[in-house]
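*Asks:* sequence plus predicted model, see below.
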Amino acid sequence: MKGNILVVDDEQIVLKSCERILSPEGYGVDTATSAKEALSLLDKNFYDLVITDIKMPEMDGIEFMKQARQKNPDINIIVITGYPSQESIKEALRLRIIDYLPKPFSPTHLLEVTANAIELKKRGIIPEPQVENYTEEVAVKLDAVIDRYRHKPGSLIPVLQEAQELVGYLPPVVQRHIAGGLKIPVSEVHGVVSFYSFFTMKPKGKHNIRVCLGTACYVKGAEEIVKKFSDGLKLEVGGITSDKKFSLETVRCLGACGLAPVVVIDKDTHGSINPVKTLDLLKEFE
């Protein structure tokens, strides 16, 4: 068995989805529909990983994590986020969560963050997401960016933009670095990152593909375009290819309805795409 996992969420569909995705991969999965039930299971069983929602009745995920940490200070935790408040994310970061799992999540993303968390546990590394591109050299460059903007009004967004260019995305460790450097709450940084669509908390490939699913694009075959990319590259929406060359995401509007259906690869916009010829867009990257 790869590891024992406890999934805590008051939505049965989330519990069943996690169990259906993780069990066939060799993980032992227990589920709980409330924080109190989960705490009881933690008293009885050993778990390598806890995946928990934040918003739950009776006892929310934040209080649950605090009590879970009292039982096992080194337990690895992944938070399921739908639309969390800035304060709840701030508390979650303080409780040293491993990663975020946004709702709705893809099977690929769930398996990736789970495998990473289990590997960290096996290596005895206590909760702090490892970011491949966040090296000491990059951290020094980020400090220089922060120093350049520190006393300028509206500094957060340009700092985040340059941080994303440096690292490729904005994971919790980078958000905390920026918050500390600018002397602002982590919750404020997360609020901006989660609000603006051009920021991402998930890694992207060397070439990022965005497919518009707005009304104009949808009626002209945008879903078929997504499927062509997904099947052709063997990745799901929100995922990244094994060689890290491509990542795929969907957006609700790209502001180019007259060119529907629209695909943006990196900074290049491609309009009036014939769904049948979708993969032809990738020939220049071969």
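*Replies:* Done, it's in. Residues are numbered from 1 along each chain as shown.

*Asks:* alpha carbons only for contacts and neighbour counts from here, please
*Replies:* Fine.

*Asks:* spit out the contact partners of Leu213.
*Replies:* 222-223, 250-253 (CA atoms under 8 Å, 6 or more residues apart in numbering).

*Asks:* same list, those, but as TSV with distance to Leu111 please.
*Replies:* Below are the contacts of Leu213 laid out as TSV (distance: CA to CA, whole Å):
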residue	distance to Leu111
Ala222	26
Glu223	24
Thr250	20
Val251	23
Arg252	25
Cys253	28
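
*Asks:* just flag the most distant two among those residues.
*Replies:* Glu223 and Cys253 (13.9 Å; CA to CA).

*Asks:* residue ranges with poor pLDDT in the stretch 1-150 of the chain?
*Replies:* 83-94, 124-132 (pLDDT under 70).

*Asks:* in it, which spans are strands?
*Replies:* For the stretch 1-150 of the chain, the strands defined by DSSP state E, counting those that start in this stretch occupy 3-8, 27-32, 49-53, 76-81, 99-102.

*Asks:* out of the ones you listed, deepest packed?
*Replies:* Highest mean neighbour count of those: strand 49-53, a mean of 26 (counted as mean count of other CA atoms under 10 Å).

*Asks:* what helices and strands are in contact with that one?
*Replies:* strand 3-8, strand 76-81, helix 107-122 (3 or more CA pairs under 8 Å, 6 or more residues apart in numbering; DSSP states H and E).

*Asks:* how far out from the middle of the chain is stretch 16-25?
*Replies:* Mean C-alpha position of stretch 16-25 versus that of the full chain (CA atoms, centre = their mean, to the nearest Å) differs by 19 Å.

*Asks:* how about it: buried residues?
*Replies:* By 16 or more other CA atoms under 10 Å, the buried positions in stretch 16-25 come out as 18-19, 21-23.

*Asks:* now do the helices in the chain.
*Replies:* Ranges of helices in the chain, per DSSP state H, are 12-22, 35-44, 61-71, 86-94, 107-122, 136-149, 156-167, 172-182, 186-195, 215-218, 222-233.

*Asks:* and the last one, which residues are buried?
*Replies:* For helix 222-233, the buried set under the neighbour-count rule, 16+ other CA under 10 Å, comprises 222-223, 225-230, 233.

*Asks:* tell me the one among the residues you listed nearest to Lys44.
*Replies:* For the buried residues of helix 222-233, the nearest to Lys44 is Ser230 (41.5 Å; CA to CA).
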